[in-house]
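[1] I'd like to go over a predicted model; first the sequence, then the structure.
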Amino acid sequence: MHGNYLYYLTQVPHDFYLVTDDERSVHHSGRSGTLPWGPNVHEAHVNRIRDMEFDVVLFQSREAYEREQFTLLSPAQQRLPRIYLEHDPPQEHPTNTHHWVNDQNVLLVHVTPFNALMWDSRDSPTQVIEHGVRLLQPARYSGELVRGVVVVNNLDRRGRRLGADVYQAAADQVPLTLVGMGAERSGGHGEVPNHELPGFMARHRFFFNPIRYTSLGLSIIEAMMVGLPIVGLATTELVTVVRNGENGFVDTRIDRLVDAMQRLLKHPDEARRMGEEARRDAQERFGIERFISDWQQALWRVTQ
């Protein structure tokens, strides 16, 4: 689940065992895709897990926490230190939703301060570990394409929350390249392999994020690491990342975002300056070493 995040997480110097089944079904796909998994990433078949030894159980989905731990793990394994990694803000009511983990013995890790603020985590101890990124391949901004780049999977099927209408309103006025699974259905480029995405983004003038309500997308941070200025909606955690006129633009008015994108297309030197500032900001806030250190601390916390 969340392949790029899992790849960054496995930079933590421990062994990780990914649950698999014969069908390699959703959430059980193991070392799948094109990510360069390291030798510390292993697979654990559902039929063998009960006989294996672990130190910590890490959950990333409600199904795994509420059902699978009781069907796949032995009673002793169910008593191991546990961490639930929450990737998203509440999908129902934005402020009054109880998180399903309500256990003083389970550490609830949120990936952004915004997510931690919005969830009612009740009795669960919480910790915020912000994203950490290390580009799969070196890439630096060139911006020679007079276009913006948008990275969203299956945008046409995910509606207003992911900003399908916002993207279309902007694309009617600004040249944009939509990348991601199913992007062709919206007239986009299609999927780009993980390791090629940094170089692909680098040729564009800016990165546009049309999403109304979600966590802070890793593709935004990866674009910043490359050196692209960021344009997006002034919602969720993005408002703490983008500083208008310095490393990009955020606003709740689409017309102002279109104006900002058109300005970046007309003034490549300004786009390059903002992109370089975005790269410095990403290195400082979302560097992989800080991320590794935070996770080391969380693992130490639950195992003592």
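    Looks like it arrived, so ask away.

[2] can you count the residues close to the residue lying closest to residue 49 once chain neighbours are set aside?
    Excluding the flanking residues, the one nearest residue 49 by Cβ to Cβ, 6 or more residues apart in numbering is residue 72, at 5.3 Å. Using the backbone N, CA and C atoms, a C-beta is placed for each residue, glycine as well. If you count neighbours by other Cβ atoms under 10 Å, residue 72 ends up with 19.

[3] my guess is residue 72 contacts residue 51. True?
    No - using Cβ atoms under 8 Å, residue 72 makes no contact with residue 51, being 11.5 Å away.

[4] how far does stretch 173-182 sit from its chain's centre?
    Per Cα atoms, centre = their mean, to the nearest Å, the displacement of stretch 173-182 from the mean C-alpha position of its chain is 19 Å.

[5] show me where the stretch 201-304 of the chain has its strands.
    Remark: strands assigned in the stretch 201-304 of the chain by DSSP state E, counting those that start in this stretch are 204-209, 230-233, 248-251.

[6] go through these and name the closest to residue 113.
    Residue 113 lies closest, by Cβ to Cβ, to one member of those: strand 248-251, at 16.4 Å.

[7] what's the closest one in contact with?
    Under the contact criterion Cβ atoms under 8 Å, 6 or more residues apart in numbering, strand 248-251 has outside partners 206-207, 229-234, 238-239, 242, 244, 256-257, 260, 274, 278.

[8] now list the buried members of these.
    206-207, 229-233, 238, 242, 257, 260, 274, 278 (16 or more other Cβ atoms under 10 Å).

[9] now, which of these sits nearest residue 123?
    residue 238 (29.9 Å).

[10] ok, the closest residue to the closest one other than its chain neighbours - contacts?
    Excluding the flanking residues, the one nearest residue 238 by Cβ to Cβ, 6+ apart is residue 232, at 5.3 Å. Neighbouring residues of residue 232 by Cβ under 8 Å, 6+ apart: 208-211, 220, 238, 242, 248-250, 257.

[11] name whatever forms a beta bridge with residue 232.
    On the basis of DSSP bridges, residue 232 is bridged to residue 209, residue 250.

[12] cool, residue 128 as well?
    Residues in beta-bridge contact with residue 128 (DSSP bridges): residue 110.

[13] wait, isn't it in contact with residue 114?
    No - contact between residue 128 and residue 114 fails when scored by Cβ under 8 Å: they sit 9.4 Å apart.

[14] more neighbours, the two?
    residue 114 (19 against 14).

[15] other residues contacting the one helix or strand the more buried one maps to?
    Using DSSP states H and E, residue 114 maps to helix 113-118. Residues outside helix 113-118 that contact it (Cβ under 8 Å, 6+ apart): 86, 88-90, 94-95, 97, 110, 126, 128, 130, 215-216, 236-237, 240.

[16] what's the PyMOL line that selects buried ones from those?
    Remark: buried members of those, expressed as a PyMOL selection using 16+ other Cβ under 10 Å:
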select buried, resi 86+89+90+110+126+130+215+216+236+237
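
[17] please flag which of the contacts of helix 113-118 sit within helices.
    With helices taken from DSSP state H, there is no overlap with the contacts of helix 113-118.

[18] from the contacts of helix 113-118, which is closest to residue 295?
    residue 130 (11.0 Å).

[19] for that closest one, give its distance to residue 58.
    The gap separating residue 130 from residue 58 is 17 Å, by Cβ to Cβ, to the nearest Å.

[20] over to residue 90?
    For residue 90 relative to residue 58 (Cβ to Cβ), the value is 21 Å.
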